[in-house]
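> Okay, predicted coordinates and the sequence, questions at the end:
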Amino acid sequence: MKKIVLSGSKRFIPKFFELEEKLKAKGYEVIVPQEFIVEMTKRDGSLLHFKQIDKDDVDAVLTVNEQKEDTPNYIGANGFAEIAFAFYKGRKVFLLNDIYPPYEEELVGWGIVPLKGDVDKIDEYLN
């Protein structure tokens, strides 16, 4: 079973659980950031999430980059750090939506895959 770690801003928590259900129904094992489920400090939550991304059995990271206020495809500092770490660890990295312009050079250069809202496209890369 392929394992996908979800990453991104806490602002999009409902979307994380929606994606978790959809991906599990497709046969994937899905890891949601524990800080979204159990109260913990940002530091502890970040460290725990990086440890999840670091596990050898992780196949991919899916970053939830929804619209934040007037900013489409938002990726915050922590989400970008998770993407960079996943890239470094050799994980396939997906964006739920499109490229976030402030990080375009890195995201494109690293081969990050924008799904443009179509989660089913993950199957093309992982199966």
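Arrived safely.
> For the rest of this, base every contact and every neighbour count on C-alpha atoms.
Noted.
> Report the secondary structure element holding F50.
helix 42-54 (DSSP states H and E).
> Could you list the buried residues of that helix?
For helix 42-54, burial by neighbour count (16 or more other C-alpha atoms under 10 Å) applies to 45-46, 49-50, 52-54.
> Mind giving me the packing neighbours of that helix?
helix 77-88 (3 or more C-alpha pairs under 8 Å, 6 or more residues apart in numbering; DSSP states H and E).
> I'd like to know which elements the very next helix or strand once past the helix it packs on is packed against.
Sequence-wise, the next helix or strand downstream of helix 77-88 (DSSP H and E) is strand 92-95. When contacts are defined as 3+ C-alpha pairs under 8 Å, 6+ apart, strand 92-95 sits against strand 60-64, helix 77-88, strand 113-114.
> quick one on the thing from earlier: could I get the buried residues of helix 42-54 as a markdown table with distance to G27 and pLDDT?
As requested, the buried residues of helix 42-54 are exported to a markdown table (distance: C-alpha to C-alpha, whole Å; pLDDT from 0 to 100):
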| residue | distance to G27 | pLDDT |
| --- | --- | --- |
| G45 | 26 | 93 |
| S46 | 26 | 93 |
| H49 | 22 | 95 |
| F50 | 23 | 97 |
| Q52 | 19 | 97 |
| I53 | 19 | 98 |
| D54 | 21 | 98 |
